[in-house]
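# This is a predicted model, with the sequence first.
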Amino acid sequence: MRAEFQKENLSLYFIAGTQDCPAGIETVLRQAIEGGITMFQFREKGPGSLDSKDDIVSLAIRLQAICREAAIPFIINDDVDLAVKIGADGVHVGQEDEKALEIRAKLKGKILGVSVHSSEEAAKAKADGADYIGVGPVYPTTSKADAKEARGTEVIRDIRLAGMQIPLVGIGGITAENAAPVFASGADGVSVISSISRAQDPKEAARRFSAIIG
Ligand SMILES: Cc1ncc(COP(=O)(O)OP(=O)(O)O)c(N)n1
Ligand SMILES: Cc1ncsc1CCOP(=O)(O)O
Ligand SMILES: [Mg+2]
């Protein structure tokens, strides 16, 4: 599966869990797909998320089927065991999660995304075998309680100025209105939760990004 991953998959990378979708996550995901999202990450985390492991597994399987039908990669946040169990297309981990190098050894042929906050962390993620990196928060976010301070596009520019060409997605507070500078600074895509998951019309919300995506 990793061979099939291309940086174009990052163009409009939607992330959500139950807690982010007042209209219901399956409905929201289907509408976001109709609106043109290019990849999906299941991130069941924080206030309002499911407690039961069984419920999480069965929801993950249902969401995976929706993504499969639409031929977009289905990524699991944090939980490598869940990704292995259901045969997800990949995982996304941060600096405080299971180490990328160990996951790379376990998940041969799968997509591995790593969150970074500096060009040094980006270089390490690349050396550890990441397929792409997530950089942020670019703008303030209300979707992650323990998010670091927003740094605009500074870190994305630093990574590109350091000559790193790894596929890169910006994340944090991104909307169709403020996404252009994220692409202009060198990102291959934008990763969004609330601007799609909490929109009155998630399909239209996703569509509105298409004008900015190159
Ligand atoms: C695409 C993308 N980028 C960054 C993150 C954040 O990961 P992390 O820092 O591990 O925080 P949590 O999402 O686990 O709370 C992400 N999930 N996806
Ligand atoms: C998971 C994550 N990592 C950094 S910011 C963030 C949340 C992004 O959500 P939103 O698009 O609603 O700001
Ligand atoms: Mg994490």
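Noted; the coordinates are in hand. Ligands and ions are numbered 1, 2, ... in the order given.

# Going by C-alpha atoms from here, please, whenever you check contacts or count neighbours.
OK.

# Okay, residue 110 and residue 90: tell me how far apart.
5 Å (CA to CA, to the nearest Å).

# same thing with residue 166?
Relative to residue 90, residue 166 is positioned 17 Å away (CA to CA).

# Neighbour count for these two, which is higher?
Taking other CA atoms under 10 Å, residue 166 and residue 90 do not tie; residue 90 has more neighbours (24 against 19).

# show me what contacts the more buried one?
Contacts for residue 90 (CA atoms under 8 Å, 6 or more residues apart in numbering) come out as 73, 74, 75, 76, 83, 107, 110, 111, 112, 113.

# Which residue, neighbours along the chain excluded, lies closest to the first one?
The one in question is residue 73. Spatial nearest neighbour of residue 73, excluding adjacent residues (CA to CA, 6 or more residues apart in numbering): residue 39 at 5.1 Å.

# Report the beta-bridge partners for that neighbour.
residue 13 (DSSP bridges).

# same check, this time on residue 134
Listed by DSSP bridges, the beta-bridge partners for residue 134 are residue 115, residue 169.

# pLDDT value on it, please?
Residue 134 is assigned 98 on the pLDDT scale.

# and it, how many residues sit next to it?
For residue 134, the count of nearby residues is 26 (other CA under 10 Å).

# do the same with the one 10 residues further on
Using other CA under 10 Å, residue 144 has 14 neighbouring residues.

# thinking again about what came up before, can you list the contacts of residue 90 in TSV and add distance to residue 161, pLDDT and neighbour count?
Below are the contacts of residue 90 laid out as TSV (distance: CA to CA, whole Å; pLDDT from 0 to 100; neighbours: other CA atoms under 10 Å):
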residue	distance to residue 161	pLDDT	neighbour count
73	29	97	22
74	31	98	24
75	28	98	26
76	30	98	27
83	34	97	22
107	30	92	18
110	28	97	23
111	25	98	24
112	23	98	27
113	21	98	26
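
# ok, those residues vs ligand 1, which is closest?
Relative to ligand 1, the closest of the contacts of residue 90 is residue 113; by CA to the nearest ligand atom it sits at 6.9 Å.
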